[in-house]
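> can't give you the sequence, but here's the structure:
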């Protein structure tokens, strides 16, 4: 059993109202040194046998990310990120 | 400028219908060796000065995660995960 993690984030030029709402709430918590909050998705894919990052990339491309507005990165759980 | 990443995932005992829907779609893509897909959130918090994981933990606890159904982990961007 091996796990591949796909991180899907909005492209930097796309507005993120959800993250903005969190950022706007921070001063009420007394936090003033945060410049930006961006919220994306983390998807954990468990493979029955060996982890297959190429397969995970295909799944991310077809099912998990919208390439018009989102970028994704794929990495083995615990390993360094590999940019898609 | 430093970035802290908060990963919020449903607790293992909580059903994840969104991930299940993706897992159910995989055989149609010809993928048969995936045993589970879980979908959570990845939040990137940019600090103006040094990264402050303790502050990020406070933000996650109060604003980002629902402790009844979700667990979160906090790590500096690029560093190893630290369990919350």
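Okay, I see it. Just so it is clear, the model here is predicted, and its values are computed rather than measured.
> near chain B at all, stretch A:32-51?
Yes: Stretch A:32-51 is in contact with chain B by C-beta under 8 Å from any C-beta of the partner chain, via A:33-49. Placement of C-beta: from N, CA and C, glycine included.
> buried stuff in that stretch?
Using 16 or more other C-beta atoms under 10 Å in any protein chain shown as the test for burial, stretch A:32-51 gives A:34, A:36-47, A:51.
> then stretch A:52-62?
Neighbour counts over stretch A:52-62 (16+ other C-beta under 10 Å) mark A:52-53, A:55-57, A:59-60 as buried.
> how far is it from where the chain is centred?
The chain centre lies 14 Å from the centre of stretch A:52-62; the measure is C-alpha atoms, centre = their mean, to the nearest Å.
> coming back round to it: inside strands: which ones of the buried residues of stretch A:32-51?
Among the buried residues of stretch A:32-51, DSSP state E puts A:34, A:36-47 in strands.
> let me have the residues you listed in JSON lines, adding pLDDT and distance to residue A:25 as columns.
Putting those into JSON lines (pLDDT from 0 to 100; distance: C-beta to C-beta, whole Å) gives the following:
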{"residue": "A:34", "pLDDT": "95", "distance to residue A:25": "10"}
{"residue": "A:36", "pLDDT": "95", "distance to residue A:25": "13"}
{"residue": "A:37", "pLDDT": "96", "distance to residue A:25": "9"}
{"residue": "A:38", "pLDDT": "97", "distance to residue A:25": "15"}
{"residue": "A:39", "pLDDT": "97", "distance to residue A:25": "13"}
{"residue": "A:40", "pLDDT": "98", "distance to residue A:25": "18"}
{"residue": "A:41", "pLDDT": "97", "distance to residue A:25": "21"}
{"residue": "A:42", "pLDDT": "97", "distance to residue A:25": "22"}
{"residue": "A:43", "pLDDT": "97", "distance to residue A:25": "26"}
{"residue": "A:44", "pLDDT": "96", "distance to residue A:25": "28"}
{"residue": "A:45", "pLDDT": "96", "distance to residue A:25": "32"}
{"residue": "A:46", "pLDDT": "95", "distance to residue A:25": "34"}
{"residue": "A:47", "pLDDT": "94", "distance to residue A:25": "38"}
